[in-house]
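> Just the structure for this:
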Amino acid sequence: MASTNDLKNGMVLKLDGGQLWSVVEFQHVKPGKGPAFVRTKLKHVLSGKVVDKTFNAGVKVETASVDKRGMQFSYKDGADFVFMDTETYDQIIVTPEVAGDTARFLLEGFEAVVAMYEGSPLYVELPASVELVIDYTEPGVQGDRSTGGSKPAKLETGYEIAVPLFITTGEKIKVDTRSGEYLGRVNK
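Prediction:
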């Protein structure tokens, strides 16, 4: 248990019958009239839904101890993903539902943060951007601007993104893991 006065960004709270919510933002408000309160923006750990919630100052809220560990993606086992703890070398299996959108950017050997709660994985967090090689893309036709200057490209993970016309097969590019957008070329 913690007081609403002790809230910090990233803290995970157990609210509404055991649902896990991560504190994205909080603000202590002391109006001229009436009691102080804490305005928060909370993100549902599993669904990613963001809500605004207000608590009275000093109210006790239940906290959940979520263990975030640095892990390395080892291999794909059927539909599941196998991660290895980089400190203990223990392996854990992460289902496609838990991996979510991060699965689009996972390559063997990639480092990720896996959040665990009571021994089971909650979600996988990748760095803000990753470097991947283009497996295949059509050659860009000079002067073709009808598509807005972009073309589809298939990454080495199998995910398809839009890249500028000058990008060619075999090039290494930087991709934003949150939006799935092309960020730029990687200089060799």
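
> Identify the spatial nearest neighbour of Gln19, chain neighbours not counted.
In space, and not counting its chain neighbours, Gln19 is closest to His44: 6.8 Å by CB to CB, 6 or more residues apart in numbering. Placement of C-beta: from N, CA and C, glycine included.

> pretty sure that neighbour is touching Val23, no?
No - His44 lies out of contact with Val23 (CB atoms under 8 Å); the separation is 11.8 Å.

> Who has more neighbours out of those two?
For His44 versus Val23, neighbours defined as other CB atoms under 10 Å are more numerous around Val23 (20 against 15).

> tell me the contacts of that one?
For Val23, the contact set (CB atoms under 8 Å, 6 or more residues apart in numbering) comprises 7-13, 40-42.

> And the helices in this protein, which stretches?
Assigned by DSSP state H, the helices in the chain fall at 96-99.

> mind checking pLDDT for the residue most central in space within it?
By CA atoms, centre = their mean, the mean C-alpha position of the chain lies nearest to Glu125, the distance being 4.1 Å. The model reports Glu125 with a pLDDT of 86.

> so what's it closest to, chain neighbours aside?
Using CB to CB, 6+ apart and skipping residues adjacent in sequence, the residue nearest Glu125 is Val113, 4.2 Å away.

> so the one you found bridges to which residues?
Gly70, Glu125 (DSSP bridges).

> Can we start the residue count at 5 from this point?
Yes, from this point I'll number from 5; that puts the last item at Val117.

> What separation do you get for the residue nearest to the centre of the chain and Lys45?
Here Glu129 is placed at a distance of 18 Å from Lys45 (CB to CB, to the nearest Å).

> again with Glu29
Glu29 sits 4 Å away from Lys45 when distances are taken as CB to CB.

> Among the two, which residue is more densely surrounded?
Lys45 (16 against 13).

> Who are the contact partners of that one?
Here Lys45 is in contact with 27-30, 54-57 (CB under 8 Å, 6+ apart).

> Dump those into TSV; add pLDDT and distance to Gly184 as well.
Formatted as TSV, the contacts of Lys45 follow (pLDDT from 0 to 100; distance: CB to CB, whole Å):
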residue	pLDDT	distance to Gly184
Val27	89	26
Val28	87	21
Glu29	90	24
Phe30	91	29
Val54	90	19
Val55	93	24
Asp56	94	27
Lys57	93	29
